[in-house]
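mind folding the following:
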Amino acid sequence: MLAGALAAGTKAIGLGIAVMNPYSVHVSELAMVAATAQEVSGGRFALGLGAGSEQFLGWAGIARERPLATTRSALAGLRALLGHPDVDEALLPEWFGPQSVLRFGLTRPVPVYIGAMGPKMLQMAGRHADGVLPLAYPPEYYAIARRQVLAGVAAAGRAAGDVDLPACFWVSLSDDAAAGRAALAEKLAYYGPSISAPMLAMAGLEPEDFAPAARLAHDGRGAAELIDDRMLSLGVAGDAGDVVARCRVLRRLGASHLSFGPPLGPDPVAAIRLLGEEVLPVLAEGGSPAGEWTGEAE
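Below is the predicted model of the structure:
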């Protein structure tokens, strides 16, 4: 399916997965998937890695132990398997040894991005990853995340340009601004309680503020009406003008790469069209960064 889609579509667009975790899938399996995707895509694949959600992994009975150390060693193992020569061997997983190689070589290394939110994970990603996906609630949190990533970059003696650092945020876009806000409200009702307390505090919120809406969302009942404007500020919702305005703020905060995450809108296909036709061209007129839409950014 992947080969057919790429062959029928474009020879330039990149392909990425955001974000896998090393708890539910072994690092060696992730490496094999990434290598295959790199081969099929003609060298246009990037792998996203993160610690995963403690809540969601818990539903599967999986303990998320030592998330920082586990993610760091998984990152080192993946980059070693995926063709990067600059891996710190002291960080490799215990199981990694001379026999830990892919059977078929890669034409080019696969970039590994780290999905991160907290300061320690962001700094670690700046030290060791090829890129960082700091999912920002609210989007303006990017300014803080950027400083933390660059602190890790500097500590490792790397150059800022060595690490791709997009501003990652949820977008819900529609010609009908109210419909765009409603689609984001539905997602926030479900995910709100899992967002970390320090991030929510930036918007004057607490995880408990989402509890009434979450109960309705998990029971399959409508909960969007319980999501207020403060909660909606955790993402970007509305029409093209609303999205452009928030993106311009992110540009002023130093973002040179924008990553638009779901729900994208009540009609995701229509939302992608609006992004391509009414958002990105307007941003480009002001010399604004390129954008992309992602399958997910957790």
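
which stretches of the stretch 101-250 of the chain have low pLDDT?
For the stretch 101-250 of the chain, the stretches flagged by pLDDT under 70 are 219-221.

how about the strands in it?
Counting by DSSP state E, counting those that start in this stretch, the segments of the stretch 101-250 of the chain that form strands are 112-115, 131-133, 167-173, 236-238.

just give me how far the longest one sits from the chain centre.
Strand 167-173 has its average C-alpha position 10 Å from the chain's average C-alpha position, going by CA atoms, centre = their mean, to the nearest Å.

with the second one instead?
The chain centre lies 7 Å from the centre of strand 131-133; the measure is CA atoms, centre = their mean.

so which elements touch it?
When contacts are defined as 3 or more CB pairs under 8 Å, 6 or more residues apart in numbering; DSSP states H and E, strand 131-133 sits against strand 45-50, strand 112-115, helix 119-128. To be clear about C-beta, it is placed using only N, CA and C from the backbone, and glycine gets the same treatment.

rewinding a little: now render the strands of the stretch 101-250 of the chain as a markdown table, adding distance to Ala125.
Converted to a markdown table, the strands of the stretch 101-250 of the chain look like this (distance: least, CB to CB, whole Å):
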| stretch | distance to Ala125 |
| --- | --- |
| strand 112-115 | 4 |
| strand 131-133 | 4 |
| strand 167-173 | 12 |
| strand 236-238 | 23 |
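
which one of the ones you listed is the most hemmed in?
Mean neighbours per residue, mean count of other CB atoms under 10 Å, is largest over those for strand 167-173, with a mean of 29.

for that one, name the packing helices and strands.
helix 177-191, strand 236-238, helix 240-252, strand 257-264, helix 268-274.

so which of those is nearest Trp59?
With respect to Trp59, and counting by CB to CB, the nearest of the helices and strands packed on strand 167-173 is helix 177-191 at 12.9 Å.

list the buried residues in the closest one.
The neighbour-count check on helix 177-191 (16 or more other CB atoms under 10 Å) flags 177, 179-189, 191 as buried.

and Leu283, which helix or strand is it part of?
helix 280-285 (DSSP states H and E).

Pro85 is nearest to which of the helices and strands packed on strand 167-173?
Per CB to CB, nearest to Pro85 of the helices and strands packed on strand 167-173: strand 257-264, 25.1 Å.

just give me how far the closest one sits from the chain centre.
Worked out by CA atoms, centre = their mean, strand 257-264 lies 9 Å from the chain centre.

same question, stretch 254-270
Centroid displacement of stretch 254-270 relative to its chain, using CA atoms, centre = their mean, is 11 Å.

tell me the pLDDT of Trp293.
Looking at Trp293, its pLDDT is 42.

possible to save the helices and strands packed on strand 167-173 as CSV with distance to Phe210?
Formatted as CSV, the helices and strands packed on strand 167-173 follow (distance: least, CB to CB, whole Å):
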stretch, distance to Phe210
helix 177-191, 7
strand 236-238, 16
helix 240-252, 21
strand 257-264, 16
helix 268-274, 23
